[in-house]
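In: kindly generate the corresponding structure for this input.
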Amino acid sequence: MVTEFSEPGGSYPYENFVSNEWNQQKVIPALKSATRLGEVYIGVGPEQNFTYAAALRAKMAFVLDIRRQNMLELLLYKALFELSPTRADFVSRLFSRKRPPGLDDKTSAGALFAAYEKVTSDAGLYLENLGAVKNSFKTHGYALSNEDIARIEFVYQVFFRGGPAINYSFASATPATSTPSYVQNMTMTDDAGHNWSYLATEENFQYVREMQRKNLFVPLVGDFSGPTTIRSIAKYLKEHDANVSAFYASNVESYLDEKQTRDFYSNLLTLPSDSTTTTIRYVDFMHNTVLPWWKSSLSYLQVVSPMSDLTKLSSTGNMPSYNDVLRLIKDPSPGGTMPRFILPISLGPGRPFLSIAIEPQSGGTFQTMLPVGTIQLGAPTGLPAAYTVKSITYGSTDLLRESLNVSRTDTAELVITLTTSASSGR
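Out: Below you'll find the model as predicted:
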């Protein structure tokens with residue numbers, strides 16, 4: 001399948017040993033809510049696909065990338081998964097560092113990488129692991145050339161030299177700025193603080209490992225706009241009565257010209273999909289202003305949208321542009337972009353009123369500081385006409401009805417619930 005479905009490799013101006021996307025986990029709750037678990041996942045790039053596939057409990061995954069090196073890197077990963085019974089063993093093999101003591105199935109991702117950051121790379125272990133990887137390739141009978149094997153050795157050396165601190169810029173001739181390290185990719189969270197990475201828990205790791213052992217994680221060389229790879233996947237899935245749950249496109253569309261974009265969308269429409277099939281995109285600074293809800297405080301954005309958007313846009317017989325698709329993507333914040341507003345607070349007779357700014361945060365939450373003392377809230381100002389305050393509570397106290405004594409040791413949460421004509425936000 002790797003050979004049959006793949007296309008000739010192409011060029012790309014950057015290396016991609018590691019993902020460079022800071023916000024890759026922020027969309028996972030929305031993704032899980034929109035899609036059905038246990039369907040087929042398709043993506044692009046390196047290790048972030050393990051995280052998405054694990055979060056969606058994919059029954060099968062295809063990862064296509066125009067760079068043949070990406071396919072070879074994923075074959076290296078496959079061998080390391082198969083050789084490693086646990087997360088701790090896997091990290092040991094990935095970075096060629098001896099396993100520290102004290103790690104078990106319950107160790108958090110943060111503690112796991114903190115332990116490995118104290119261990120130096122081991123050249124002898126690297127050579128031992130490389131031999132085991134090559135033996136694995138022989139067992140599987142991959143059609144790899146000597147050049148392919150040399151390229152896999154090169155990738156593995158990059159991980160050996162970079163260690164857990166490796167990022168998108170490491171060993172790149174055109175380094176990018178401000179990109180997350182491998183550690184940060186594995187320990188980042190969604191807006192609620194949940195870590196979905198494939199190394200976050202032993203359960204996540206074992207799920208992906210089992211996919212690898214059953215050959216259900218298929219790396220391919222493929223051009224999004226090419227004639228073979230996506231259409232071959234579509235044909236295979238239709239023959240096996242399978243449906244796509246998610247297609248992770250990253251920001252590939254920003255590199256396609258007008259014809260390539262039309263060809264890519266034509267390819268997408270051949271995939272078996274339904275109303276739950278969702279596209280994941282990483283919208284870069286050259287295109288994020290097209291999003292209707294964009295504001296200047298936003299830069300690179302991870303967004304999700306139903307594949308049916310593309311189906312609707314193309315129903316007239318004309319393939320849309322990338323910008324046409326972006327304009328249909330909804331604001332991921334609950335209820336849309338949450339407004340900044342002001343709460344006037346009285347500190348009691350003879351004391352001045354204060355104006356407390358309520359700042360919107362990602363995920364529809366707010367952030368503010370309450371003054372210590374007896375306080376009483378006034379009517380909020382600065383809210384757009386579409387919003388009204390439904391309730392403001394602090395612990396069990398209804399601040400729309402009662403005053404409150406705030407002490408320095410209080411740990412209750414101030415909860416502000418806004419409503420609009422269509423939805424509510426907190």
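In: what's the local residue count around Tyr236?
Out: 18 (other Cβ atoms under 10 Å). Any C-beta I mention is one placed from the backbone N, CA and C, and that applies to glycine too.
In: tell me the pLDDT at it?
Out: On pLDDT, Tyr236 comes in at 97.
In: name all residues that make contact with it.
Out: Taking Cβ atoms under 8 Å, 6 or more residues apart in numbering, we find Tyr236 in contact with 1, 5.
In: secondary structure class for it?
Out: Under DSSP: H, G, I helix; E, B strand; the rest coil, Tyr236 falls in the helix class.
In: surely Lys390 meets Val415?
Out: No: when contacts are counted by Cβ atoms under 8 Å, Lys390 is not listed as touching Val415 (10.3 Å).
In: need the strands for the stretch 151-300 of the chain, in chain order.
Out: 217-221, 244-250, 278-283 (DSSP state E, counting those that start in this stretch).
In: could you pull up phi and psi at Thr35?
Out: Reported as degrees, to the nearest 10, the phi and psi values for Thr35 are phi -110, psi 170.
In: now the strands of the stretch 151-300 of the chain in a markdown table, with distance to Asn204?
Out: Formatted as a markdown table, the strands of the stretch 151-300 of the chain follow (distance: least, Cβ to Cβ, whole Å):
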| stretch | distance to Asn204 |
| --- | --- |
| strand 217-221 | 14 |
| strand 244-250 | 16 |
| strand 278-283 | 18 |
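In: neighbours of Phe285, just the number please.
Out: So Phe285, with other Cβ under 10 Å, has 12 neighbours.
In: now swap in Ala412 and tell me
Out: 13.
In: residues contacting it?
Out: Per Cβ under 8 Å, 6+ apart, neighbours of Ala412: 394-395.
In: go on, the one 3 residues further on?
Out: The neighbours of Val415, taking Cβ under 8 Å, 6+ apart as the test, are 391-394, 426.
In: can you tell me the SS state at it?
Out: Val415 - assigned by three-state DSSP - is strand.
In: how close does it sit to Thr229?
Out: 49 Å (Cβ to Cβ, to the nearest Å).
In: inside helices: which ones of the contacts of Val415?
Out: Among those, no member falls in helices (DSSP state H).
In: tell me the buried residues within these.
Out: 392-394 (16 or more other Cβ atoms under 10 Å).
In: so which of those sit within strands?
Out: By the criterion of DSSP state E, membership of the buried ones among the contacts of Val415 in strands covers 392-394.
In: show me how this protein divides into domains.
Out: By the assignment in automatic domain parsing, the chain contains the domains 2-326, 341-425.
In: tell me the most buried of those domains?
Out: domain 2-326 (a mean of 18; mean count of other Cβ atoms under 10 Å).
In: could you redo the ones in strands among the buried ones among the contacts of Val415 as a markdown table and give each row pLDDT?
Out: Shown next, in a markdown table, are these (pLDDT from 0 to 100):
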| residue | pLDDT |
| --- | --- |
| Ile392 | 82 |
| Thr393 | 82 |
| Tyr394 | 79 |
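In: list the contacts for the closest residue to Asp105 other than its chain neighbours?
Out: Among residues not flanking Asp105 along the chain, Glu202 sits closest, at 4.2 Å (Cβ to Cβ, 6 or more residues apart in numbering). By Cβ under 8 Å, 6+ apart, the contact list for Glu202 reads 86-87, 105-106.
In: closest to Phe62 among those residues?
Out: Arg87 (24.1 Å; Cβ to Cβ).
In: please name the residues that touch the closest one.
Out: 105, 107, 112, 199, 202, 205.
In: low-confidence ranges in the protein?
Out: Across the chain, the ranges flagged by pLDDT under 70 are 175-177, 297, 333-340, 352, 357, 359-370, 384-386, 408, 411, 420-426.
In: in it, which spans are helices?
Out: 2-5, 28-34, 48-55, 68-83, 87-95, 109-116, 123-140, 146-162, 182-187, 202-213, 229-239, 258-268, 308-313, 322-326.
In: send the alpha carbons of the last one over as PDB?
Out: Output in PDB follows, covering the C-alpha atoms of helix 322-326 (Å, rounded to 0.1, in the frame of the first residue of the first chain):
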ATOM      1  CA  TYR A 322      -9.000  28.700  -0.200                       C
ATOM      2  CA  ASN A 323     -10.300  32.000   1.000                       C
ATOM      3  CA  ASP A 324     -13.900  31.000   0.100                       C
ATOM      4  CA  VAL A 325     -13.500  28.000   2.400                       C
ATOM      5  CA  LEU A 326     -11.900  30.100   5.200                       C
END
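In: which other helices and strands contact it?
Out: helix 308-313 (3 or more Cβ pairs under 8 Å, 6 or more residues apart in numbering; DSSP states H and E).
In: show me what the helix it packs on is in contact with.
Out: 265, 268-269, 273, 275, 277, 279, 319-320, 324-325, 328-329.
In: can you list those in JSON lines and add distance to Val218?
Out: JSON lines is the format used below for these (distance: Cβ to Cβ, whole Å):
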{"residue": "Tyr265", "distance to Val218": "23"}
{"residue": "Leu268", "distance to Val218": "18"}
{"residue": "Leu269", "distance to Val218": "21"}
{"residue": "Ser273", "distance to Val218": "18"}
{"residue": "Ser275", "distance to Val218": "26"}
{"residue": "Thr277", "distance to Val218": "19"}
{"residue": "Thr279", "distance to Val218": "20"}
{"residue": "Met319", "distance to Val218": "27"}
{"residue": "Pro320", "distance to Val218": "29"}
{"residue": "Asp324", "distance to Val218": "31"}
{"residue": "Val325", "distance to Val218": "26"}
{"residue": "Leu328", "distance to Val218": "30"}
{"residue": "Ile329", "distance to Val218": "28"}
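In: greatest separation within those residues: which pair is it?
Out: Longest span within those, Cβ to Cβ: Ser275 and Met319, 20.6 Å.
In: list the contacts for Leu80?
Out: Contacts of Leu80 by Cβ under 8 Å, 6+ apart are 90, 93-94, 129, 133.
In: let's see it at 7 Å
Out: Residues counted as contacts of Leu80 (Cβ atoms under 7 Å, 6 or more residues apart in numbering) are 90, 93-94.
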